[in-house]
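# Here is a sequence together with a model predicted from it:
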Number of protein chains: 4
Amino acid sequence: MCRWMAYSGDPILAHDLLFRPEHSIIDQSLHAKLGGFTTNGDGFGIGWYGNGNGEGAAPVVYKSTHPAWNDENLREVATQIRTPLLFAHVRASSGTPVQRSNCHPFRYGRWMWMHNGSLAGFQEIKHDLLMAVDASLFPGIEGSTDTETLFFLALTFGLADDPPTAVARAVGFVEDVGRRHGVEYPVHMTVATSDGESIWVFRYSSEKATSSLYYSTDVSQLRRLYPELEVLDRLGADARFIVSEPLGELPGAWNEVPEGSWAFVRRGEHGIQPFHPTVPA
Amino acid sequence: MCRWMAYSGDPILAHDLLFRPEHSIIDQSLHAKLGGFTTNGDGFGIGWYGNGNGEGAAPVVYKSTHPAWNDENLREVATQIRTPLLFAHVRASSGTPVQRSNCHPFRYGRWMWMHNGSLAGFQEIKHDLLMAVDASLFPGIEGSTDTETLFFLALTFGLADDPPTAVARAVGFVEDVGRRHGVEYPVHMTVATSDGESIWVFRYSSEKATSSLYYSTDVSQLRRLYPELEVLDRLGADARFIVSEPLGELPGAWNEVPEGSWAFVRRGEHGIQPFHPTVPA
Amino acid sequence: MCRWMAYSGDPILAHDLLFRPEHSIIDQSLHAKLGGFTTNGDGFGIGWYGNGNGEGAAPVVYKSTHPAWNDENLREVATQIRTPLLFAHVRASSGTPVQRSNCHPFRYGRWMWMHNGSLAGFQEIKHDLLMAVDASLFPGIEGSTDTETLFFLALTFGLADDPPTAVARAVGFVEDVGRRHGVEYPVHMTVATSDGESIWVFRYSSEKATSSLYYSTDVSQLRRLYPELEVLDRLGADARFIVSEPLGELPGAWNEVPEGSWAFVRRGEHGIQPFHPTVPA
Amino acid sequence: MCRWMAYSGDPILAHDLLFRPEHSIIDQSLHAKLGGFTTNGDGFGIGWYGNGNGEGAAPVVYKSTHPAWNDENLREVATQIRTPLLFAHVRASSGTPVQRSNCHPFRYGRWMWMHNGSLAGFQEIKHDLLMAVDASLFPGIEGSTDTETLFFLALTFGLADDPPTAVARAVGFVEDVGRRHGVEYPVHMTVATSDGESIWVFRYSSEKATSSLYYSTDVSQLRRLYPELEVLDRLGADARFIVSEPLGELPGAWNEVPEGSWAFVRRGEHGIQPFHPTVPA
């Protein structure tokens, strides 16, 4: 089990997002509170948009195999990143090697993808899953994780055109392959993906017991709740956080993304829908 | 706070020492039970004697800045090490950089040294401490930790001739320097050192609140207690473990090294004495 | 282009093989003399048999992403390895990530495999090549290199039963796939593989311009040539080296493995044959 | 021997400085042309000012122990850095460990320092040199290199007030200590240091045989020489490069900093003076 956070809103310093919150994602790398693993020390990664590379540009990623909590370069680089859309992920390997190419977020063109969870029996079904990846996309696969395979299946099934439908098809396909290999509960995932303008998140598991996922309350409402909290003034009206674990204990600040649903966030808009994998024809 | 273990006894496979016990040192790197830190992921190291380099030869060390729990080379190399005397250490940095030269155990000639604890206000007193290190020993200092500085002070004060006296003088010196810098409790340590034949351990803190240290019960006695426990048959009659945390839950198997004492173990012999720092003249 | 060496003979200390020769493999990592690249600093690996794990046991591997020349653990560990059969490889990446799972030698069961060269247009043909790997072997693939893919194709085509035939079929298959993708010269390789008793090496490229490969002259003959050379006394009568580059300048000590051939070495036996890829039916 | 480059001028993308030039510093990490070492693969570092942290702010540094040529994060991060003053350094260790804290450039407050060369017999004179470092500065020392020691001696002798005088005193002191230890030629250095506004460079060795150092010709003059060279249009009129090796073959573009001299560069100004170490009283 890993931990991740996604931010969308006014451009903000990555250092403020990663290191300031009381129970920041960096803190979660050392002692997470929810989920089975307290330590997420098998590498980490951040990815961000709005990096001066122009509209629709690919995100920039910084990833390392060292634990996030002791990476000195991360502390330096984070002071140099001002972004309206950031992904951050701390990893607890479910078996695949600890190497940069297995660190999240994964990137393909302008798309990013990160995941908390796993595909059960991945080593056994990997061959069949990879076969289904579009040959033109295949060279983009750099690592060996279940997460990256799921990402490229989603790309194969049309992520760039319709993320919820593509992910539903990818998950349905993995469940079908998994069950044909005798895996009872093939998929466990909280996933975030983005094209640089919107963030889509998914909370789903075949067993209907997915690890936690939260989104932050509307900032204007939080300001009414906590007029004295100056940290809220640093956040724009559109600011949204989507996280594996709340970044602090503020009552009313965090709302659960329900089991078996997907949500999207873009400037001034958001929504939640039920998520149903598409059973392959 | 770190975690360490020392083994003395019949030659045994390092892999059996590091990976077999229920709550092994590797397991403690990921979730220690005692002490303030559950994660000891800021590097690790092992050092061992009896490596075919002949009597009185220097120990061999293997150290890495990655967490012990995900170091694939350690699992490989540990199958190749059969040793009568092994030190293993998993590190939680108290501020100095995570780099190989700061990983324990430290080595000088045939001597090894590892430490759980810290010297309070180390950055402020480091200059004075290093000044006191014998100039002929100084080039042997490779890293930047309080632990290595304490080791070289002990060497300066005669570790090779009389370990308990040398450590008492080194600790007394550090407390004297620390207090002159306004540090109330300068020393907190459980230390292990060896020349390849004996192991000396020290449990002491200026505050008289030192973290835990245990030694294993005599194996013949354990066999009487647990005749059915076949793991004990793999251990020779002389086998002794000295550890920050018990490697398992076996009642009667682990005995606390008392606060403010030092102990030694060598084939067929062991003893415990009170430890009193020597106040510099 | 990488550099590798293989040793077969009386058990010898890895440290003597890796660090003593004038132009050792470690020296070649820093400044190789032959071939396009002077630096082979994109990781390295060693693998060895006869490690006390019993007959037919899997080899032990030690690999790192750091340059071999500055890996302090390698210098330590090499003093602990006494082996009758060792592979050593220093890597210059042809594009795939520098990560442990991409370092040679690769291992599957008791088999090891290392490679100098590349499969041209690998990213484009990778999908087709992986599809051909036996599904039962597929979970054994850990990295993303052309070399490991070629290894698993050879395993699929019967490496364990008949190495020369299996490699001929694997190479023929890669050439067939490559050409169907418009790659003129798909294969460039000097490969070494072993089951722990024999070493098979292959020197072949589609372009008939393969990088260098040498084997050492019979030791008894070398002793007649150089009676004064005491290094030869440390080598048993059966000792053989197969290397990308001679380990020294000794006239008469090194013989080229001809372009387009394969050779084998086992205790007291060796031979060279022409190598012809098998064109798939 | 290492290689370094310093840039001062209009804000420019670090990626353009590090990866575009034909014989860039990254290229020099893999195959330098001048000096004894072709490979500078023992880590690297960059440091830069004007990072949005305000006037007189400390520079930001990014350092790694991996070779610069295969560091994927460097390629990512370099696209995010726009700076008027950048230091870049690729390291070939002269014996001290390959660890981040030994990578250049070194930083103290707003000051940066990098070095190509070495202090002869450093291990023997280190104790005396460190004793001379001001106790208030001492905690700032993080690594174990001769370069960092020289930096802190220069700081002790007044670098912040008068760099040329402070460096002359530091070098004079090292030569004095070295000779008292029987070292004939204690100092070999091309050094660059900056406070964020000016760059000072020094080329000096006790033996009067210092490795190469060059500065770039005035851009307006280069434009007259090479009106067709569009790369020059990306450079402001004030742009200056100071480098261990020319970044390209352009005749007239590179001028040697003479043996035994120091130079400074700041917006619109530069100068060269002879350098004479100050003999301690």
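That came through fine.
# Now do the strands in the stretch 151-281 of chain A.
Using DSSP state E, counting those that start in this stretch, the strands of the stretch 151-281 of chain A run over A:187-194, A:199-205, A:214-216, A:240-243, A:254-256, A:261-266, A:269-274.
# helices or strands next to the longest one in the packing?
In this structure, strand A:187-194 packs against strand A:3-13, strand A:82-90, strand A:111-119, helix A:146-156, helix A:163-180, strand A:199-205, with contacts taken as 3 or more CB pairs under 8 Å, 6 or more residues apart in numbering or on different chains; DSSP states H and E. Backbone N, C-alpha and C define where each C-beta goes, glycine included.
# in its sheet, what does it sit against?
Using DSSP bridges, strand A:187-194 pairs in its sheet with strand A:111-119 (antiparallel), strand A:199-205 (antiparallel).
# starting at the chain centroid, how far to the last one?
For strand A:199-205, the separation from the chain centroid amounts to 8 Å (computed by CA atoms, centre = their mean, to the nearest Å).
# and stretch A:19-33 with chain D, contact?
No. Shown here: stretch A:19-33 not in contact with chain D (CB under 8 Å from any CB of the partner chain), separated by at least 14.8 Å.
# Now do A:L119 against chain D, distance only.
26 Å (CB to the nearest CB, to the nearest Å).
# which residues sit in contact with that residue?
The contact partners of A:L119, taken as CB atoms under 8 Å, 6 or more residues apart in numbering or on different chains, are A:125, A:129, A:146, A:149-150, A:174, A:178, A:186-188.
# Make TSV from those residues and add pLDDT and neighbour count to it.
Listed next are the contacts of A:L119 as TSV, based on pLDDT from 0 to 100; neighbours: other CB atoms under 10 Å in any protein chain shown:
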residue	pLDDT	neighbour count
A:I125	95	23
A:L129	97	20
A:D146	96	27
A:T149	98	23
A:L150	98	26
A:V174	98	27
A:G178	97	23
A:P186	97	26
A:V187	97	24
A:H188	97	21
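# Using CSV, please lay out those together with distance to D:I25.
Output for the contacts of A:L119, formatted as CSV (distance: CB to CB, whole Å):
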residue, distance to D:I25
A:I125, 46
A:L129, 42
A:D146, 39
A:T149, 38
A:L150, 39
A:V174, 45
A:G178, 49
A:P186, 49
A:V187, 47
A:H188, 46
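# For chain A, give me the ranges with low pLDDT.
Where chain A drops to pLDDT under 70, the residues are A:1, A:34-37, A:51-55.
# So A:G236 versus chain D, what's the distance?
Going from A:G236 to chain D by CB to the nearest CB gives 19 Å.
# cool, A:P59 as well?
Separation of A:P59 from chain D (CB to the nearest CB): 10 Å.
# Check A:F151 too.
In terms of CB to the nearest CB, A:F151 sits 18 Å off from chain D.
# Likewise for A:T278?
35 Å.
# do A:W111 as well
Separation of A:W111 from chain D (CB to the nearest CB): 16 Å.
# ok, residues contacting stretch A:60-68?
Contact with stretch A:60-68 is made by A:25-26, A:29-30, A:40-48, A:51, A:53, A:71, A:73-74, A:77, A:90, A:98-100, A:103-105, A:107, A:112, B:41-42, B:65-67, B:98, D:72-73, D:76-77, D:79-80, as judged by CB under 8 Å, 6+ apart.
# Now do the buried residues in stretch A:9-23.
Neighbour counts over stretch A:9-23 (16 or more other CB atoms under 10 Å in any protein chain shown) mark A:9, A:12-19, A:21, A:23 as buried.
# Could you single out the nearest of those residues to chain B?
A:H23 (15.4 Å; CB to the nearest CB).
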